[in-house]
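Engineer: Next input, structure requested:
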Amino acid sequence: MAEAQQNICTCCGAALDPLQPGNRLTGKTRGEWQCSKCSSVDTRLRRLFGTCKIPGVDDFTSDELREFYVSAQDSKGKTGLRLVVRRELKTRLVKRNTNRTRGEWLPLSVWESRGWKKEIVENHLSCVDEQKGLLYNVDVQQSFDDDINEQINEMLRSLSRKPKTVKPDQSLLAFNVRPKPGAASGSAAANAGANADAGGGDDVADDDSESSDSSSSTDGKQGPKQKKASKTKKKAAKEKAKEKEAARKEKSAEKAQAAMKKEKRKKDMAELKAQASTEKKEAAAAKQAADKAAKEKKVANARISNQATKIICKVAPIRLQLAARVADPEFQSESVVVQTRVTSAKAMVDAIYDDAQSKVSSKDAIELEHAAEAVNRVAKEAASALKT
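Structural biologist: Sure, this is the predicted structure:
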């Protein structure tokens, strides 16, 4: 047996049973259905606004329409339904207005002439225009809340406008007759004129006096329909007052939220400024430390170079003498002790000389390997070796 096709409400998207009372077929060709809850929402919209096709709601997408009907089903009374309609209309208008470009692209001098500080403007977006040069975009917050609320109020007012009902003639209340709008006073006048033309002057006067007495007697008492109308009017006034209070609270909440956003933006800007100031101080301290280290290194290089120059001046003559002694042919005929002593002295002097020579032009501030006492001792030993 083939599985039965599941029917879905085109308004709220809920599954429904076609046989259940209240569910109805709205589109025979496309097989569109509407559940009893969404049908009840349409009825409430007609009673509240005179139509279920609310401007701005009839062009919703399927998802937006589903959210609207689900919210409307959960609303209570006229006030709740009106708030749902206001919220949906506001969402649509806000989405439409948020696509507008915020801020202007202007040169730095223009922003400064408007009272903006240079460092604040430079923290915003910038671009280079071929004709205008460097431009900045300062994101100035623009509030559309007042315009949007005014548009919504105008929409709801246009839907809520109904033709005024004509107050019925008091002379007909005794007979429980409700005249058509605009025709009650005219019909009474016409009847009175017809009776007068028929020649029943005294009778007409008596009838008029009796009707006036009956109408005056009924003025102090209200019939069921008048009581119901008065009750409905009071209820409508209460609903209107509730809606006005709800709108006032909503606007107050929106203003408070805007103030919180502004305060948060101000706080974030202060934190950014504090962070920038801290980074600037840290960079200045790092630069000062680097300059100090470079200066100390320069002084150390000068000191080491001076010491190396003195060592070179001291050991250079001895080094030449040792080299000449080793190169002398007669040196090979001398005793092994003398040769060892001279060769060892020459090696130590060469090491001291090479180390001092490398430190003269070096910029690494590396200390000499041989202290002054060691250099003096090696120099003495070399001089003693040359005398042997």
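Engineer: Going toward the C-terminus from the longest helix along the chain, what's the next helix or strand?
Structural biologist: Longest helix in the chain, counting residues (DSSP state H): helix 224-327. Using DSSP states H and E, the helix or strand that follows helix 224-327 towards the C-terminus is helix 336-360.
Engineer: Pull out the buried positions in that following helix.
Structural biologist: Using 16 or more other Cβ atoms under 10 Å as the test for burial, helix 336-360 gives Q339, R341, V342, A345, K346, M348, V349, I352, Y353, D355, A356, K359. Glycine gets a C-beta too; all of them are placed from N, C-alpha and C.
Engineer: go on, stretch 236-243?
Structural biologist: Across stretch 236-243, burial judged by 16+ other Cβ under 10 Å covers K242, E243.
Engineer: Likewise for stretch 38-58?
Structural biologist: Per 16+ other Cβ under 10 Å, stretch 38-58 contains these buried residues: C38, S39, V41, D42, R44, L45, L48, F49, C52, I54, G56, V57.
Engineer: Mind checking which of those residues land in strands?
Structural biologist: Using DSSP state E, the subset of the buried residues of stretch 38-58 located in strands is empty.
Engineer: Could you check how far the most centrally placed residue in the chain is from E254?
Structural biologist: By Cα atoms, centre = their mean, the chain has its centre lying nearest to K261, at 8.4 Å. The spacing between K261 and E254, counted by Cβ to Cβ, to the nearest Å, is 11 Å.
Engineer: how's the chain carved up into domains?
Structural biologist: Under the assignment automatic domain parsing, the domains of the chain span 1-100, 170-215, 296-387.
Engineer: Let me have those in CSV, extended by mean pLDDT and distance to Q288.
Structural biologist: Listed next are those as CSV, based on pLDDT from 0 to 100; distance: least, Cβ to Cβ, whole Å:
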stretch, mean pLDDT, distance to Q288
domain 1-100, 79, 49
domain 170-215, 43, 91
domain 296-387, 82, 13
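Engineer: For K281, find the nearest of the ones you listed.
Structural biologist: K281 sits nearest to domain 296-387 of all these, at 22.6 Å, using Cβ to Cβ.
Engineer: What's the end-to-end length of the closest one?
Structural biologist: Domain 296-387 stretches 44 Å from its first residue to its last (Cα to Cα, to the nearest Å).
Engineer: likewise stretch 364-380?
Structural biologist: For stretch 364-380, the separation between the terminal residues is 30 Å (Cα to Cα).
Engineer: what's next to it, contact-wise?
Structural biologist: Here stretch 364-380 makes contact (Cβ atoms under 8 Å, 6 or more residues apart in numbering) with 297, 300-301, 304, 307-308, 311, 314-315, 318, 345, 348-349, 351-352, 355-356, 359.
Engineer: can you give me how far that stretch is from the chain middle?
Structural biologist: Taking the mean of its C-alpha atoms, stretch 364-380 sits 70 Å from the chain's own mean (Cα atoms, centre = their mean, to the nearest Å).
Engineer: Does L135 belong to a helix, a strand or coil?
Structural biologist: Secondary structure, DSSP: H, G, I helix; E, B strand; the rest coil: L135 is strand.
Engineer: Let me see the contact set for it.
Structural biologist: For L135, the contact set (Cβ under 8 Å, 6+ apart) comprises W105, L106, P107, S126, C127, V128, D129.
Engineer: Now the fifth one: phi and psi?
Structural biologist: The phi and psi values for C127, taken as degrees, to the nearest 10, are phi -150, psi 160.
Engineer: isn't Q34 right up against C9?
Structural biologist: Yes. With contact defined as Cβ atoms under 8 Å, Q34 and C9 form a contacting pair (5.8 Å).
Engineer: circling back to that earlier point, I'd like the buried residues of stretch 38-58 laid out as CSV, including distance to A283.
Structural biologist: Putting the buried residues of stretch 38-58 into CSV (distance: Cβ to Cβ, whole Å) gives the following:
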residue, distance to A283
C38, 65
S39, 70
V41, 64
D42, 68
R44, 66
L45, 65
L48, 65
F49, 65
C52, 66
I54, 60
G56, 55
V57, 58
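Engineer: Sitting in helices, which of those do you find?
Structural biologist: Using DSSP H, C38, S39, V41, D42, R44, L45, L48, F49 are the members of the buried residues of stretch 38-58 that sit in helices.
Engineer: Adding distance to V121, write the residues you listed out as CSV.
Structural biologist: Compiled in CSV, those are given as follows (distance: Cβ to Cβ, whole Å):
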residue, distance to V121
C38, 53
S39, 58
V41, 51
D42, 54
R44, 53
L45, 50
L48, 50
F49, 49
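Engineer: so, if you compare those, which one comes nearest to A247?
Structural biologist: Nearest to A247 among these, counting by Cβ to Cβ, is L48 at 15.2 Å.
Engineer: And for that closest one, nearest residue in space, chain neighbours not counted?
Structural biologist: Spatial nearest neighbour of L48, chain neighbours left out: K78 (5.6 Å); criterion: Cβ to Cβ, 6 or more residues apart in numbering.
Engineer: got the CA positions of the helix or strand harbouring that neighbour in PDB?
Structural biologist: Secondary structure from DSSP H and E places K78 in helix 77-97. What follows is helix 77-97, C-alpha atoms only, in PDB (Å, rounded to 0.1, in the frame of the first residue of the first chain):
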ATOM      1  CA  GLY A  77      -4.400  39.300  22.800                       C
ATOM      2  CA  LYS A  78      -4.400  42.200  20.500                       C
ATOM      3  CA  THR A  79      -1.400  43.800  22.300                       C
ATOM      4  CA  GLY A  80       0.800  40.700  21.800                       C
ATOM      5  CA  LEU A  81      -0.200  40.400  18.100                       C
ATOM      6  CA  ARG A  82       0.500  44.000  17.500                       C
ATOM      7  CA  LEU A  83       3.900  43.800  19.100                       C
ATOM      8  CA  VAL A  84       4.800  40.800  16.900                       C
ATOM      9  CA  VAL A  85       3.800  42.800  13.800                       C
ATOM     10  CA  ARG A  86       5.800  45.800  15.000                       C
ATOM     11  CA  ARG A  87       8.800  43.600  15.600                       C
ATOM     12  CA  GLU A  88       8.700  41.900  12.200                       C
ATOM     13  CA  LEU A  89       8.200  45.200  10.400                       C
ATOM     14  CA  LYS A  90      11.100  46.700  12.300                       C
ATOM     15  CA  THR A  91      13.300  43.800  11.400                       C
ATOM     16  CA  ARG A  92      12.600  44.300   7.800                       C
ATOM     17  CA  LEU A  93      13.200  48.000   7.900                       C
ATOM     18  CA  VAL A  94      16.400  47.700   9.800                       C
ATOM     19  CA  LYS A  95      17.700  45.100   7.300                       C
ATOM     20  CA  ARG A  96      16.800  47.500   4.500                       C
ATOM     21  CA  ASN A  97      18.500  50.500   6.200                       C
END
